[in-house]
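Participant: Give me a model of this one.
(one chain, ligands or ions: 1)
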Amino acid sequence: MTTERESRITQVRPRTEGWTQKKDDTGRPLLQFASPKRGKPPVHLADLTPEQRVEKVVELGLPGFRAKQLEKHYFTHWTHDPAEMTDLPASGREELVRGLLPPLLTEVRRLQTDRGDTIKFLWKLHDGALVESVLMRYPGRITLCVSSQAGCGMNCPFCATGQAGLTRNMSAAEIIEQIVRANRLIAEGGLGKAEHPDERVTNIVFMGMGEPLANYARVMHAVRVMTDQKHGLGMSARGITISTVGLAPAIRKLAAEDIPVTFALSLHAPDDELRDELIPVNSRWKVDEALDAAREYFERTGRRVSIEYALIKDMNDHGWRADLLGDKLNERGRGWVHVNPIPLNPTPGSVWTSSTRAAQNEFVRRLEAKGIPTTLRDTRGKEIDGACGQLVATEEDAAVAASTPLED
Ligand code: SF4
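Facilitator: Sure, this is the predicted structure:
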């Protein structure tokens, strides 16, 4: 049995493996909030408000009510193919589709696992940037993990996505298109064994590439399109999880939006000393500020907040850290939060390896002893390198992508 004193001494420090973290002028890990300027993706139906869609249709020489028909094709039948849109007049149909449903994602690669119940997609955007999404079937629900940025500017030392920095923000339509493409695949029977014929994506998690709150306006527009019952995908806000490493002002803004999405804070450490190294944005907004903002989210929305905590052997899995986390959460009230410890995969020889089973159990036990609801999370998708914080386009992916022509 490890004593408290010994467990404080065994402290593995975060460090990158096989790559060098970019630093700013002060020697701290570089944080990128602004998207580098690149050619914007073409404007798409899903980027526009319902009123703007009508205007655009009129601009293209057709009566405004055609916008509603196009919405139905895209958001309900998940099609971009003019040949399937027989309720639209043949003359002008191609131009309408080209003008409002330009191609956004080209599929580069698809990896399947869990007997077809998990699929990872690698997509190429119009400018060659690569992003991924992961589709997962569970009993009674289908979850899609979406990307919100190409690359990421948050520079977390454990995360492959952050290595290359932020390539650019994704547009709202590029975010939505990941769902539409997944729904189309499900409708065609491409995701394992169907439970019923009208299946579609029920849950969205913003845990793919990127920090969603660093691309706030486009992510929020995408969420509105997802939840719009009349002019969008008609999904439930509760099934949408926005996950952040702790951009406190943006969490507060999200709390004021009046859209009751599920909110998750990727905390991974309750003390600033470790979290400064583990999650570089902690140098801007400390643990207490992130937790205060998370608590505010609960107060404004009534939605219980999730705290994500990857358990990393001898780095953040100490019993005293579970106690500290429990105390910090309880200081802010009861019943507002639950913790999801996430066991990593064993990676022998790496500092980023799984906690022992005993350490995992002890961590959970200590949180529960403080009255914090705690659930060890399922890490499905790891075997295809598609779990959150691990999404990356490898060099091999890049080579395949380079030889994949863009869709037209
Ligand atoms: S863990 Fe998330 S926030 Fe950090 S670099 Fe990776 S994608 Fe960005």
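
Participant: Now do the same for the most far-flung residue of the chain relative to its centre: helix, strand or coil?
Facilitator: Largest separation from the mean C-alpha position in the chain: S91, at 40.1 Å (CA atoms, centre = their mean). At S91 the chain is in coil, as set by DSSP: H, G, I helix; E, B strand; the rest coil.

Participant: separation between it and the ligand?
Facilitator: Using CB to the nearest ligand atom, to the nearest Å, S91 is found at 46 Å from the ligand. Every C-beta, even on glycine, is put in place using the N, C-alpha and C of the backbone.

Participant: so where do the helices sit in this structure?
Facilitator: Assigned by DSSP state H, the chain shows helices spanning 4-9, 50-59, 66-75, 93-100, 172-187, 216-227, 248-255, 272-278, 287-301, 319-331, 357-369, 395-402.

Participant: hang on, isn't M315 packed against V12?
Facilitator: Yes - with contact defined as CB atoms under 8 Å, M315 counts as touching V12 (4.4 Å).

Participant: more crowded one of the two?
Facilitator: Neighbour tally, M315 and V12, criterion other CB atoms under 10 Å: the higher count belongs to M315, 24 against 14.

Participant: quick one, phi psi at that one?
Facilitator: Main-chain dihedrals, M315, degrees, to the nearest 10: phi -100, psi -50.

Participant: what sits against it?
Facilitator: Residues near M315 by CB atoms under 8 Å, 6 or more residues apart in numbering: 11-14, 274, 278, 351-352.

Participant: Mind doing that once more with 6 Å?
Facilitator: With contacts defined as CB atoms under 6 Å, 6 or more residues apart in numbering, M315 is in contact with V12.

Participant: repeat for L247
Facilitator: L247 sits next to L213 when contact means CB under 6 Å, 6+ apart.

Participant: let's see it at 8 Å
Facilitator: 211, 213-214, 281, 284-285.

Participant: separation between it and P212?
Facilitator: Note on L247: its distance to P212, by CB to CB, to the nearest Å, is 9 Å.

Participant: swap in H73?
Facilitator: H73 sits at a distance of 28 Å from P212 (criterion: CB to CB).

Participant: related to what we said a few turns ago, overlap in contacts of M315 and V12?
Facilitator: The contact sets of M315 and V12 overlap at V351 (CB under 8 Å, 6+ apart).

Participant: G234 against V225, yeah?
Facilitator: No - at 10.0 Å, G234 does not count as touching V225 under the criterion of CB under 8 Å.

Participant: Overlap in contacts, those two.
Facilitator: Shared between the contact lists of G234 and V225 (criterion: CB under 8 Å, 6+ apart) are residues F75.

Participant: Tell me the bridge partners for the residue of the stretch 1-150 of the chain found nearest the ligand.
Facilitator: Nearest residue of the stretch 1-150 of the chain to the ligand (CB to the nearest ligand atom) works out as Q149 at 8.0 Å. Q149 has these beta-bridge partners by DSSP bridges: N169.

Participant: could the helices of the chain be laid out in TSV, adding mean neighbour count, mean pLDDT and distance to the ligand?
Facilitator: Formatted as TSV, these follow (neighbours: other CB atoms under 10 Å; pLDDT from 0 to 100; distance: least, CB to the nearest ligand atom, whole Å):
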stretch	mean neighbour count	mean pLDDT	distance to the ligand
helix 4-9	11	60	26
helix 50-59	15	97	31
helix 66-75	20	97	28
helix 93-100	18	95	31
helix 172-187	24	98	15
helix 216-227	21	98	13
helix 248-255	19	98	13
helix 272-278	18	96	10
helix 287-301	19	97	13
helix 319-331	18	98	19
helix 357-369	16	97	20
helix 395-402	12	51	16
